[in-house]
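>>> Need coordinates for the below:
(one chain, ligands or ions: 1)
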Amino acid sequence: MVPDDVAPAAEPGPVGLDLPWATGTFPPDTVAARRAVWDELMGLALHEATHALATGDVPIGALVVGPDGRLLGLGRNRREEIGDPTAHAEVLALRQAAATLGSWRLEGCTLVVTLEPCAMCAGATTLARVERLVLGAWDPKAGACGSVWDIVRDRRNPHRVEVVGGIRDVECGDLVREFFETQR
Ligand SMILES: [Zn+2]
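Residues are numbered from 1 along each chain as shown. All right, here's what the predicted structure looks like:
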């Protein structure tokens, strides 16, 4: 028997981690305010990228933010660390975001990544129905979001992704360049 004075189960609360913006202000309306938010999020992705250096992985970091501006997933390139050819930063961040939400559909979400995604990650981004991709440095050798291919905006694809490129591109590019210089 259920006592009738028990309060109904609370609505499930918001998932993910709170980031500094106020409720209802993500993403901001003005170009300048949006740019400030992308810069700040790229800072988090850059920080995550530096952790890849400890395992000899190419320093690339990514994160997924929900439509309400909460952090849902974080990832860095872990290919060498776990010996997995698919362990790119974006794939790991998308997987964690899906686990946080309890759904593979990441509609309304923003993926932030320090380097332009490759063909695999661009494919995963469209399959996850991500709304927006914010990228740091372009990758003229293997980028699939405008450089070599443009999988995320291909008209043959039923779901297309808004691309915001070049956010803190010098810092993001330098991190990868310096890594390869030390490898020589
Ligand atoms: Zn990739």
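>>> residues contacting the closest residue to residue 126 other than its chain neighbours?
Nearest residue to residue 126, sequence neighbours excluded (CB to CB, 6 or more residues apart in numbering): residue 159, at 5.2 Å. All C-beta spots, glycine's among them, are computed from the backbone N, C-alpha and C. Listed by CB atoms under 8 Å, 6 or more residues apart in numbering, the contact partners of residue 159 are 126-127, 129.
>>> Residue 159: what secondary structure?
Put simply, residue 159 is coil when judged by DSSP: H, G, I helix; E, B strand; the rest coil.
>>> just for the chain, where's the confidence low?
The chain contains residues with pLDDT under 70 at 1-10.
>>> For it, what lies in contact range of the ion?
Where proximity means CB under 5 Å from the ion, the interface of the chain facing the ion comprises 88, 118, 120-121.
>>> Return the subset of these lying in helices.
120-121 (DSSP state H).
>>> Generate a PyMOL selection restricted to the buried subset of the contacts of residue 159.
Selecting just the buried residues from the contacts of residue 159 in PyMOL takes one command, with 16 or more other CB atoms under 10 Å as the test:
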select buried, resi 126+129
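>>> Reformat the contacts of residue 159 as CSV; add secondary structure.
Compiled in CSV, those are given as follows (three-state DSSP):
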residue, secondary structure
126, helix
127, helix
129, coil
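>>> And the helices in the protein?
Chain-ordered helices for the chain, with DSSP H as the definition, fall at 31-50, 79-82, 89-101, 119-127, 169-183.
>>> Buried residues, the shortest one. List them.
Within helix 79-82, the residues scored as buried using 16+ other CB under 10 Å are residue 79.
>>> likewise the last one?
Neighbour counts using 16+ other CB under 10 Å place 169, 172-173, 175-176, 179 of helix 169-183 among the buried residues.
>>> and that helix, what does it pack onto?
helix 31-50, strand 110-115, strand 132-137 (3 or more CB pairs under 8 Å, 6 or more residues apart in numbering; DSSP states H and E).
>>> Deepest-packed of the ones you listed, please.
Most buried of the helices and strands packed on helix 169-183, by mean neighbour count (mean count of other CB atoms under 10 Å): strand 110-115, with a mean of 29.
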